[in-house]
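Enquirer: Give the three-dimensional model of this entry:
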Amino acid sequence: MSTLAVILVATAAGSVLSLLLAALLAFSARPSWVPVLVSYAIGALLGASLLEVLPEAIEMGGDVKTVANAVLGGILLFFLLEKLVLWRHCHDEICEAHSSHDHGHDHGRSGMMITVGDTFHNFVDGIIIAGAFLVDFRLGAITALAIIAHEIPQEIGDFLILLHSGYTRTQALALNFLTGVATMVGALVGYYALSMLQGWMPVLLGLAGASMLYVALSDLIPGLHKRAEIGATLQQLTLIGLGVATVALAGYFIGEGH
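Expert: Numbering: from 1, shown residues only. Just a heads-up that it's a prediction; the model follows:
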């Protein structure tokens with residue numbers, strides 16, 4: 001099997017496995033679980049961004065200022081994208097910004113943000129897998145396994161956010177599939193043009209980290225404040241902590257393989 005074929009098989013396996021687990025969740029999760037599990041997803045997003053993605057961007061050769069600029073630019077970019085979604089949903093004076101009714105979701109805003117950010121992240125993951133296989137088969141295999149281990153909980157969390165954002169289960173699965181395809185695209189680009197993209201990797205990772213921070217802090221955390229009682233607050237803090245811990249433990253057990 002050629003190196004390119006091995007790279008494509010490795011990236012496809014990760015995407016398919018994540019999609020299958022998301023599909024399993026789609027048929028088993030109850031709607032009442034979604035608001036509770038959103039707290040866990042917040043923790044996973046914060047942990048993935050601050051413990052994994054942004055440190056990796058710096059380790060890959062991006063100085064702190066470059067990565068910080070990418071995060072700042074990403075936050076402003078996602079702010080504008082969110083505004084575009086709001087404008088799209090505004091008709092006359094009946095929209096989320098003008099209506100006093102609680103629709104129970106955010107008209108797809110956080111779902112759109114996480115989809116864009118996850119696409120960036122998966123694209124970079126594909127480049128990383130390709131680069132590792134081009135150096136050494138064993139290194140490529142370890143890197144692919146490490147990335148798959150990170151992607152599975154992330155994709156499940158993304159799926160929960162899409163449900164919370166008002167998407168149907170079918171739509172959420174379709175979007176998860178499309179973001180997974182970005183991994184294979186990144187692998188192809190990495191195989192044929194790794195040297196030209198190497199300098200952009202920290203910036204792309206900075207944008208991915210920015211999307212995670214923006215969704216968690218701007219779109220999801222404010223919704224938690226609708227339940228201010230002590231019991232709900234303790235439950236939310238516990239689940240956020242579990243989300244962060246999941247990412248931290250995953251990084252520890254795979255030994256930061258990639």
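Enquirer: Any stretches of the stretch 101-250 of the chain with poor pLDDT?
Expert: 101-110, 146, 149-154 (pLDDT under 70).
Enquirer: if you skip the residues just before and after it, what's nearest to Gly43?
Expert: Nearest non-adjacent residue to Gly43, counting by C-beta to C-beta, 6 or more residues apart in numbering: Gly243, 2.2 Å away. (C-beta placed from N, C-alpha, C; glycine too.)
Enquirer: need the contact list for that neighbour.
Expert: Ser39, Tyr40, Ala41, Ile42, Gly43, Ala44, Leu45, Leu46, Gly47, Gly157 (C-beta atoms under 8 Å, 6 or more residues apart in numbering).
Enquirer: Could you list every helix and strand in contact with whichever strand or helix holds Thr66?
Expert: Using DSSP states H and E, Thr66 falls within helix 64-89. Under the contact criterion of 3 or more C-beta pairs under 8 Å, 6 or more residues apart in numbering; DSSP states H and E, helix 64-89 touches helix 54-59, helix 109-135, helix 201-214.
Enquirer: could I get these as a markdown table with mean neighbour count and distance to Gly251?
Expert: Below are the helices and strands packed on helix 64-89 laid out as a markdown table (neighbours: other C-beta atoms under 10 Å; distance: least, C-beta to C-beta, whole Å):
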| stretch | mean neighbour count | distance to Gly251 |
| --- | --- | --- |
| helix 54-59 | 19 | 9 |
| helix 109-135 | 25 | 14 |
| helix 201-214 | 25 | 14 |
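Enquirer: Those into JSON lines, with extra columns for distance to Leu249?
Expert: Output for the helices and strands packed on helix 64-89, formatted as JSON lines (distance: least, C-beta to C-beta, whole Å):
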{"stretch": "helix 54-59", "distance to Leu249": "16"}
{"stretch": "helix 109-135", "distance to Leu249": "19"}
{"stretch": "helix 201-214", "distance to Leu249": "18"}
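Enquirer: Leu173: which of the ones you listed is closest?
Expert: Across the helices and strands packed on helix 64-89, Leu173 has its closest neighbour in helix 109-135 (12.4 Å, C-beta to C-beta).
Enquirer: Could you tell me the angle between the closest one and helix 201-214?
Expert: Angle, helix 109-135 to helix 201-214, by axes from the mean of the first three to the mean of the last three C-alpha atoms, to 10 degrees: 150 degrees.
Enquirer: now for helix 109-135, which elements pack on it?
Expert: Here helix 109-135 touches helix 3-28, helix 64-89, helix 137-164, helix 169-197, helix 201-214, going by 3+ C-beta pairs under 8 Å, 6+ apart.
Enquirer: what about those helices, which gets the closest to Ile114?
Expert: Distances from Ile114 to each of these were compared by C-beta to C-beta, and the smallest falls on helix 137-164, at 5.1 Å.
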